[in-house]
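A.B. asks: what follows is a protein structure lacking sequence information:
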């Protein structure tokens, strides 16, 4: 079983920055990819960013391009989400996800990932 633990959420003023971390444990090999999704109250969970583990190839949702950056640390088996220029509409629970399967399905859908963290709250005050 894979265990994902997110840290780094909190309250920040609009225009501020936060860095989320997600550490993966439970497997002796790297995931195929990891991603970040978010869910605001009353809304569907939406894709934020994903990273292919071995190549480092990344994908970001249009609404975070230029503001958020996903990255990973192979040695620590950890994925990060650097969030800059935060806006009140970025307020949500952010969850990381991991997949150890190869598939042609893009990483921007929740079904692509089989393991999920509990989530961490990010609140951006105006």
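C.D. replies: Structure received. It should be emphasised that the depicted structure is a prediction, and the values quoted were computed from it without experimental measurement.

A.B. asks: where exactly do the strands run in the chain?
C.D. replies: With DSSP state E applied, the chain shows strands at 3-7, 10-13, 18-25, 33-39, 46-52, 58-60, 68-73, 78-83, 92-99, 115-116, 120-125, listed in chain order.

A.B. asks: wait, which of these is closest to residue 108?
C.D. replies: Closest of these to residue 108 is strand 46-52, at 4.0 Å (criterion: Cβ to Cβ). Where you see a C-beta, it was placed from the backbone N, CA and C, and this is true even at glycine.

A.B. asks: neighbouring contacts of the closest one?
C.D. replies: 32-39, 57-61, 64, 68-72, 79, 81, 94, 107-110 (Cβ atoms under 8 Å, 6 or more residues apart in numbering).

A.B. asks: would you write a PyMOL line that selects the buried entries of those residues?
C.D. replies: Listed next is the PyMOL selection for buried residues among the contacts of strand 46-52, using 16 or more other Cβ atoms under 10 Å:
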select buried, resi 32+33+34+35+36+37+38+58+59+60+61+64+68+69+70+72+79+81+94+107+108+110
